[in-house]
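# sequence? don't have it. structure:
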């Protein structure tokens, strides 16, 4: 990534609304995932573990399409969905 932002930091920007353009942040997350997928997949797995994306879902992202771009898009969606799920749970139990 050219701006050297950490993938979890980009996810947090998307979720807490510090950006006007969520599509732009989603694209940055996608680019970070794609870069890690192509160059440092073990670090990508570490980040996904830290974010708590289920391993089975990650495996499914790779299962039927060998293209890195397709897997990166699916993983981006998994990351965002998981973070949104965590926010919902926190809101539910904070009341």
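Noted; the coordinates are in hand. Because the structure is predicted, anything quoted here is derived from the model rather than measured. Numbers count the residues shown, from 1 in each chain.
# all helices in this structure, in order from the N-terminus.
For the chain, the helices defined by DSSP state H occupy 7-16, 22-39, 41-51, 55-63, 68-94.
# Can you lay out the ones you listed as TSV showing mean pLDDT and mean neighbour count?
Bear in mind the C-beta positions are built from the backbone N, C-alpha and C, glycine included. As requested, the helices of the chain are exported to TSV (pLDDT from 0 to 100; neighbours: other CB atoms under 10 Å):
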stretch	mean pLDDT	mean neighbour count
helix 7-16	68	17
helix 22-39	89	17
helix 41-51	94	14
helix 55-63	91	13
helix 68-94	88	15
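# how far away is the most centrally placed residue in the chain from residue 61?
Compute the mean C-alpha point of the chain, and by CA atoms, centre = their mean the closest residue is residue 79, 3.3 Å away. With the distance defined as CB to CB, to the nearest Å, residue 79 ends up 11 Å from residue 61.
# now residue 6
Summarising the geometry, the distance separating residue 6 from residue 61, computed by CB to CB, is 21 Å.
# Check residue 40 too.
Residue 40 sits 17 Å away from residue 61, going by CB to CB.
# Residue 11 too?
Distance of residue 11 to residue 61, given as CB to CB: 16 Å.
# Please name the nearest non-neighbouring residue to residue 60.
Setting aside the residues directly before and after it, residue 60 is nearest to residue 74 in space (CB to CB, 6 or more residues apart in numbering), at 7.9 Å.
# And residue 47, by the same measure?
The shortest distance from residue 47 to any residue that is not its chain neighbour, by CB to CB, 6+ apart, is 5.0 Å, and that residue is residue 7.
# Perfect, I'm done here.
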